[in-house]
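>>> What follows is a predicted structure for the sequence shown.
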Amino acid sequence: MADAASRLTALAEDVLGVRLPVRLRAWDGSEAGPADGPVLIVRDRRALRRVLWKPGELGLARAWVAGEIDVEGDLYEVLDRLAGFLWERSEEPRGRLETVRDPQVRAAAKALLKLAGPLPPPKPPVEEMRGRSGIRHSRRRDKQAISHHYDVGNAFYELVLGPSMVYSCAYWTDGGTLEDAQRDKLDLIARKLNLKEDDRLLDVGCGWGSMAIHAAREYGARVVGITLSREQAAYARKRIAEEGLTDRIEIRVQDYRDVADGPYDAISSIGMAEHVGEVRYREYADTLHRLLKPGGRLLNHQISRRPEPDEAAYEVDPFIDAYVFPDGELAPMGRTLTTLEDAGFEVRDVEAIREHYALTLRRWVANLERDWDRAVRLTSPGRARIWRLYMAASAVSFERNRIGVNQFLAVKTPESGLSGLPLRSRVWSESEAR
């Protein structure tokens, strides 16, 4: 089959009405498209069958995970060019039914079928989340989703995240390392919460224990950390024992809805609310409000998305849902703020740190690429490819302002109206004010 690349390029440009922004290399060695820049490689025409049977992002994702699609050159540049090409074009997307009925699209599909061959599509890669049971965001299903993402081996997370073992946006200054930036983020949160000796801190979605350890070691807090991942909990307990902090930190495998031993002086929720889901978000906010003492502070660190013109049309990204964060949902920043207020919180500060997450993700990708062979041995080739794509694509999304990340500082302000915060903004404790 001669010159498959030219035929694929012509089909794509004919359907989408614009020039393909990357060079394409097909399984037959042919190439087409702009000569400069990175190359998108279709290694096997099985990828085309995946796209035909699952048009759009999920079909492409399956081909990527299976190694049938690859990139030669700068992955970020490919993603950046394709972001503007596919997701950020000015015209309104056509409805699914209209697209299927479009004679031009139907003709392109027939031509693509000739290129792809007559065989049925390959089975989805084994890394794809399947067999979900229970109601979305029920306790049972949330536990399945968390296990899919986090129980892939602590050694793999050590490789990607580095010594800090913090899996959320770092807080950067010029010239700092990833470990410095993650330490600074944890300390920023501790200061916003005004942690003091023997304060009770609830760390919701505690991960591998980094926030709990920092709060106990540096501020003398007494911490309860909760997670749904047994692997995370075991790792966190081991770290805590090595730090000699078992008398100050308790790690539980527990759903936030089942915590009943309040009140706490402070609550941190760092990169956890994305798992809660829209149908549960008010319940989540109400639960944290109930668990705080009057005057207690909540620091909610959460990824957001841009509002949709029609919010009812919002759909979870198919690749992320199938391979990365099953059932994860992002809310616009304004909705999060309103929900916290509806639950009774006084929101005192919102700090947007979108650019910081792009920097963090690029460091994680660098860690993965630097030790790629070991990452593959620790998980699988498909899993390593998933992580490389999802982290690099997320970095581009943060850079392009398609998604953001914000720290909400909220207070359970008592009837007296005394919030306990200093008069000066961006000053998080009385000692700093002095």
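Ah, there it is.

>>> residue ranges for the helices of the stretch 301-434 of the chain, please.
In the stretch 301-434 of the chain, the helices defined using DSSP state H, counting those that start in this stretch lie at 318-319, 333-342, 354-370, 372-378, 381-399, 430-433.

>>> before we move on, what about the stretch 1-150 of the chain?
If DSSP H, counting those that start in this stretch is used as the criterion, the helices of the stretch 1-150 of the chain fall at 4-16, 46-53, 57-65, 75-82, 96-101, 103-116, 139-150.

>>> Need the winner for burial among the ones you listed.
Per-stretch averages of neighbours, counted by mean count of other C-beta atoms under 10 Å, single out helix 57-65 among the helices of the stretch 1-150 of the chain, with a mean of 23. Bear in mind the C-beta positions are built from the backbone N, C-alpha and C, glycine included.

>>> rewinding a little: list just the one of the helices of the stretch 301-434 of the chain that sits closest to residue 284.
When the helices of the stretch 301-434 of the chain are ranked by proximity to residue 284, the top entry is helix 333-342, at 8.3 Å, counting by C-beta to C-beta.

>>> buried sites along the closest one?
Of the residues in helix 333-342, those with enough neighbours to count as buried (16 or more other C-beta atoms under 10 Å) are 333, 335, 336, 337, 339, 340.

>>> And stretch 26-33, by the same measure?
By neighbour count on 16+ other C-beta under 10 Å, the buried set for stretch 26-33 is 26, 27, 30, 31, 32, 33.

>>> now swap in stretch 303-316 and tell me
The neighbour-count criterion (16+ other C-beta under 10 Å) identifies 303, 304, 305 as the buried residues of stretch 303-316.

>>> Looking at these, which one is closest to residue 5?
When the buried residues of stretch 303-316 are compared for distance to residue 5 (C-beta to C-beta), residue 305 comes out closest, at 34.7 Å.

>>> coming back round to it: export the helices of the stretch 1-150 of the chain to a markdown table and append columns for mean pLDDT and distance to residue 207.
A markdown table is the format used below for the helices of the stretch 1-150 of the chain (pLDDT from 0 to 100; distance: least, C-beta to C-beta, whole Å):
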| stretch | mean pLDDT | distance to residue 207 |
| --- | --- | --- |
| helix 4-16 | 84 | 41 |
| helix 46-53 | 89 | 34 |
| helix 57-65 | 93 | 25 |
| helix 75-82 | 92 | 26 |
| helix 96-101 | 47 | 38 |
| helix 103-116 | 73 | 42 |
| helix 139-150 | 71 | 8 |
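
>>> I'd like the ones you listed as TSV, with distance to residue 205 appended.
Converted to TSV, the helices of the stretch 1-150 of the chain look like this (distance: least, C-beta to C-beta, whole Å):
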stretch	distance to residue 205
helix 4-16	40
helix 46-53	34
helix 57-65	26
helix 75-82	28
helix 96-101	35
helix 103-116	42
helix 139-150	9
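
>>> Please name whichever of those is nearest to residue 262.
Among the helices of the stretch 1-150 of the chain, helix 139-150 comes nearest to residue 262, with 19.2 Å by C-beta to C-beta.
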